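> Next input, structure requested:
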Amino acid sequence: MTAVVFIHGTGVREPGFSALAGRFAAELAALRDGLRIVPFYWGGAHGATLAAGGASLPPARGTSRGPAGPPAGPDTVDPADVVAAAWGALYTDPYAELALAAGVKPAAAELPPGSVPPQQKLQAQLAALAAQGDVPAAELGPGLARAAVDLAAHPVLGPAADALDPDDLAALAARSLTARVIADGLAADVPFLPVGDVRDAVTERLAQLLGAAPQGVERSVRSLLLRAAGSAVSGAAVRRRRALTQAAHPAAGDILRYLSRGEPVRADLRLLVAGLEPPVVIVAHSLGGIIALDTLIATPLPQVRLLVTVGSQGPFLYESGSLPCLEHPAPLPPHVPDWLNLYDPRDLLAYSGAELFPGRVTDIAVDSRQPFPAAHSAYWTHPEVYRHIVDRLP
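Numbering: from 1, shown residues only. A predicted model of the protein is given here:
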């Protein structure tokens, strides 16, 4: 009788594991009789926990941590968080505020004869700004001239110029330029970025160069993006940091705990496999695949005839020099059994191994038609996953 050891991935705890293992067993049994399914639940004994109840989390601003640990105080909105949230939206899309302005502002009145249209006036100012190179925003790093040229040609500029008065248009254009330069720096992994005070001072300088009257840093607080969307996202992550950490830490913490203290879970897996009659197959998801691969690399387990990893990061850890039991470019030891690696192309936590271990790994793509991160959890409802496993069982 073939024994199939089922190993879960990061963040899984009871009663979820029992439900998952039951689903796995039922799906395999529907395709092949006579299998012995052996669940390996490592999350209880070896999974990460916040041992001190989250004492490592700093208290929210304006609150104090009581003797019991959690911060005490009202769930208030910090204006600085509102501003930070709005800038975060602009770093994602530097033209978002201009597009929002064009969509919610009433159209401007018809211009007097002979007047220069607002769009043309701002385009001329942007051209003059670009001619100065990156100097007017040197504190932000390179990219201002390019950002000014791109904004002058952007299709959102015309509708925004028609909807806003000149002062607001200059202010929004300045924020767009600042956000674009910072966003480009983030994308290029620039090792230093300006603090908020410097960012705001540069934005005010650019606004005046684009024709706005001096208004000081209050201009950014009156941002249309802040009024329309900032309050909806203001400081939510900061205020909910404890809840978010407690929800996310099992997955992230499991990985860190395994990479730093993985031998106990590998020892438990070796003990489990040693007590099984061959042939044994190991089917492991996500971090479970790393645990299984490491265990099989470190210790010959002749009972195991097949390793199946599903949505696993083992090949990536090996290539990046982070797999505990095998350092690149060392080859896979001969005693490691046949290896079937299933991955969803949309699962950003799934990696392939055939090029790293030629002739030792079979990679097969399975498409759940789910986006990430749902794709990382959709394997166990996908019929193709079970068919590929059963087709390879000894």
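
> so after the helix or strand containing residue 375, what's the next helix or strand?
Using DSSP states H and E, residue 375 sits within helix 374-377. Downstream of helix 374-377, the first helix or strand assigned by DSSP H and E is helix 383-392.

> The chain: strands as residue ranges?
3-7, 36-40, 64-65, 71-72, 280-285, 304-310, 338-343, 361-365 (DSSP state E).

> most neighbours per residue, which of these?
Mean neighbour count, computed with mean count of other CB atoms under 10 Å, is highest for strand 280-285 among the strands of the chain, reaching a mean of 26. Every residue, glycine included, has its C-beta placed from N, CA and C.

> report the angle between the axes of it and strand 338-343?
20 degrees (axes from the mean of the first three to the mean of the last three CA atoms, to 10 degrees).

> before we move on, the earlier item: is it possible to get CSV of the strands of the chain that adds mean pLDDT and distance to residue 118?
Below are those laid out as CSV (pLDDT from 0 to 100; distance: least, CB to CB, whole Å):
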stretch, mean pLDDT, distance to residue 118
strand 3-7, 98, 63
strand 36-40, 97, 67
strand 64-65, 48, 50
strand 71-72, 42, 48
strand 280-285, 98, 57
strand 304-310, 98, 57
strand 338-343, 98, 52
strand 361-365, 97, 52
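
> I'd like those laid out as CSV, including distance to residue 260.
Shown next, in CSV, are the strands of the chain (distance: least, CB to CB, whole Å):
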stretch, distance to residue 260
strand 3-7, 19
strand 36-40, 21
strand 64-65, 27
strand 71-72, 28
strand 280-285, 20
strand 304-310, 21
strand 338-343, 25
strand 361-365, 26
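
> Which one, of those, ends up nearest to residue 331?
Nearest to residue 331, of all the strands of the chain, is strand 361-365, at 11.8 Å by CB to CB.

> residues in contact with residue 386?
Contact partners of residue 386, counting by CB atoms under 8 Å, 6 or more residues apart in numbering, are 27, 28, 30, 31.

> what's the spacing between it and residue 40?
Residue 386 sits 18 Å away from residue 40, going by CB to CB, to the nearest Å.

> Check residue 297 too.
17 Å.

> And residue 340, by the same measure?
Residue 340 is 18 Å from residue 40, by CB to CB.

> Next: residue 185.
Look at residue 185 and residue 40: by CB to CB, they are 45 Å apart.

> Could you do residue 291 as well?
Residue 291 sits 9 Å away from residue 40, going by CB to CB.

> Name the residues contacting each of those two.
Once CB under 8 Å, 6+ apart is applied, the residues that residue 291 and residue 40 both contact turn out to be 7, 269.

> How about residues contacting stretch 202-213?
Stretch 202-213 is contacted from outside by 121-122, 125-126, 129, 136-137, 139-140, 166-167, 170-171, 173-175, 177-178, 194, 214-217, 219-220, using CB under 8 Å, 6+ apart.

> what about 6 Å?
Applying CB atoms under 6 Å, 6 or more residues apart in numbering, the external contacts of stretch 202-213 come out as 125, 129, 137, 139-140, 167, 170-171, 173-175, 177-178, 214.

> where in the stretch 51-200 of the chain is pLDDT low?
Within the stretch 51-200 of the chain, the ranges that satisfy pLDDT under 70 run 53-54, 57, 59-79, 81-82, 104-112, 114, 191.

> For it, which segments count as helices?
With DSSP state H, counting those that start in this stretch as the criterion, the stretch 51-200 of the chain has helices at 79-92, 96-104, 118-131, 144-152, 157-163, 166-187, 196-209.

> Quick one, which of those gets closest to residue 336.
Nearest to residue 336 among the helices of the stretch 51-200 of the chain is helix 166-187 (39.0 Å), distances taken as CB to CB.

> hey, C-alpha coordinates of the closest one in CSV?
What follows is helix 166-187, C-alpha atoms only, in CSV (Å, rounded to 0.1, in the frame of the first residue of the first chain):
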residue,chain,number,x,y,z
PRO,A,166,-4.7,78.0,-12.4
ASP,A,167,-3.5,77.9,-8.8
ASP,A,168,-4.9,74.5,-8.1
LEU,A,169,-3.7,73.2,-11.5
ALA,A,170,-0.2,74.3,-10.7
ALA,A,171,-0.4,72.6,-7.3
LEU,A,172,-1.7,69.3,-8.6
ALA,A,173,0.9,69.4,-11.4
ALA,A,174,3.7,69.9,-8.9
ARG,A,175,2.5,67.0,-6.7
SER,A,176,2.4,64.9,-9.8
LEU,A,177,6.0,65.7,-10.7
THR,A,178,7.2,65.1,-7.2
ALA,A,179,5.4,61.8,-7.0
ARG,A,180,6.8,60.7,-10.4
VAL,A,181,10.4,61.4,-9.5
ILE,A,182,10.0,59.6,-6.1
ALA,A,183,8.2,56.7,-7.7
ASP,A,184,10.9,56.3,-10.3
GLY,A,185,13.5,56.3,-7.5
LEU,A,186,11.6,53.5,-5.7
ALA,A,187,11.4,51.5,-8.9
